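K.L.:
Curious how this folds, go ahead:
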Amino acid sequence: MVKVLFKTSAFEKLLAKKNKSQNWLALNLRISSGYMSQLMQGSRCPSPELRERILKVFGDSEFDDIFRIETSDSNVKGVARQKR
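P.N.:
Numbering: from 1, shown residues only. Just a heads-up that it's a prediction; the model follows:
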């Protein structure tokens with residue numbers, strides 16, 4: 001399974017450089033501040049469409065500046081294995 005998650009500390013630095021808050025970003029992305037918080041905590045993954053909107057807001061940033069890709073293998077019983 002592949003997950004795309006925020007690079008939280010790097011993302012927080014980008015917000016700070018722009019002097020903006022998570023709430024500001026949530027409003028501009030048309031999502032709730034609660035959902036934005038879940039994205040930042042890594043409990044939810046942004047959809048491809050939301051990732052595109054985020055990249056537009058931070059137009060001077062690349063995908064790898066903001067996001068990280070996490071992969072996990074599953075065994076036959078569906079239990080995720082630890083990353084190697």
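
K.L.:
does residue 5 really touch residue 71, like I thought?
P.N.:
No. With contact defined as CB atoms under 8 Å, residue 5 does not count as touching residue 71 (11.3 Å). Every residue, glycine included, has its C-beta placed from N, CA and C.

K.L.:
where along the protein do the helices fall?
P.N.:
8-17, 22-29, 33-41, 48-57, 63-66 (DSSP state H).

K.L.:
Restrict the helix-or-strand element of the chain with minimal mean pLDDT to CA atoms and write it as CSV.
P.N.:
Between all helices and strands in the chain, the lowest mean by mean pLDDT, DSSP states H and E belongs to helix 8-17, at a mean of 91. C-alpha atoms of helix 8-17 as CSV (Å, rounded to 0.1, in the frame of the first residue of the first chain):
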residue,chain,number,x,y,z
THR,A,8,5.2,17.9,8.7
SER,A,9,8.2,19.9,9.9
ALA,A,10,9.1,21.0,6.4
PHE,A,11,5.5,21.9,5.7
GLU,A,12,5.3,23.9,9.0
LYS,A,13,8.4,25.8,7.9
LEU,A,14,6.8,26.7,4.6
LEU,A,15,3.7,28.1,6.4
ALA,A,16,5.9,30.1,8.7
LYS,A,17,7.9,31.5,5.8
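
K.L.:
for this protein, which spans come out with low pLDDT?
P.N.:
Where the chain drops to pLDDT under 70, the residues are 74-84.

K.L.:
Try it again at 90.
P.N.:
Within the chain, the stretches with pLDDT under 90 are 1, 11, 58-61, 72-84.

K.L.:
Relative to residue 1, which of the helices of the chain is closest?
P.N.:
helix 48-57 (15.5 Å; CB to CB).

K.L.:
quick one: the closest one to chain centroid distance?
P.N.:
Centroid displacement of helix 48-57 relative to its chain, using CA atoms, centre = their mean, to the nearest Å, is 10 Å.

K.L.:
neighbouring contacts of it?
P.N.:
By CB atoms under 8 Å, 6 or more residues apart in numbering, the list of residues contacting helix 48-57 from outside reads 4, 25, 28-29, 31, 46, 61, 63, 66-67.
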